[in-house]
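Undergrad: just coords:
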């Protein structure tokens, strides 16, 4: 069965405390893996696309990496404004499969 | 500015009513999607369209209908057959299959 699993469901960090979010997937015919940020009551905001194992993308305090079966979103020295739900999705040309997200809370 | 516009932001539906959610994009994207988001759950695909005048059912299409008469527009109708329509609805578009999707700001539908 095609599916995407994200862990942990929720993560509380102190400001400056680095950590990683995980996205594992079992989707046949993978075309790309995508990370999004979603703030409460808003639509997801696109962050990164990864297409092949070993690929890495960075944006400010975020870095996304991809292996054959999972992706990590590394958050370095997070700030309170990084608090949001982070969604992972994979695409196999027919449709997107989304995980349930990791809700990140960064305390000052 | 290019983007995806969903309207209205909030919508209230009485029992037995059909309501239509609007989604317009000016990104010149071929593919458009409708998702439903419930608390604690991932996004679930309702319908998608890869090209004008063509669309396919997603995982939870029952009680919903769509049309794609123009490239820019992909309205979603929530019919009275949808028994639990209260949710956050998200429209998205992508240049083509396999590329990243961009989302609108969502419509929150509540049954009263």
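TA: Yep, that arrived. Just so we're clear, the structure is a prediction, and the values are computed from it rather than from any experiment.
Undergrad: partner residues bridging residue A:85?
TA: Here residue A:85 sits in beta bridges with residue A:38, residue A:103, going by DSSP bridges.
Undergrad: the bottom helix or strand of chain A by mean pLDDT?
TA: strand A:96-98 (a mean of 90; mean pLDDT, DSSP states H and E).
Undergrad: does any bit of that strand sit next to chain B?
TA: Yes: in terms of CB under 8 Å from any CB of the partner chain, part of strand A:96-98 sits within range of chain B, namely A:96, A:98. From N, CA and C alone the C-beta is placed, and that goes for glycine too.
Undergrad: name the residues of that strand that are buried.
TA: A:96-98 (16 or more other CB atoms under 10 Å in any protein chain shown).
Undergrad: of those residues, just say which sits nearest to chain B.
TA: Using CB to the nearest CB, residue A:98 is the member of the buried residues of strand A:96-98 that lies nearest chain B, at 4.2 Å.
Undergrad: next up, the contacts around that closest one.
TA: Residue A:98 is in contact with A:4, A:87-89, B:35, B:42-44, counting by CB atoms under 8 Å, 6 or more residues apart in numbering or on different chains.
Undergrad: give me that answer again for 6 Å
TA: Neighbouring residues of residue A:98 by CB atoms under 6 Å, 6 or more residues apart in numbering or on different chains: A:87, A:89, B:42-43.
Undergrad: quickly list what residue B:20 is bridged to.
TA: If you apply DSSP bridges, the partners that residue B:20 bridges to are residue B:77.
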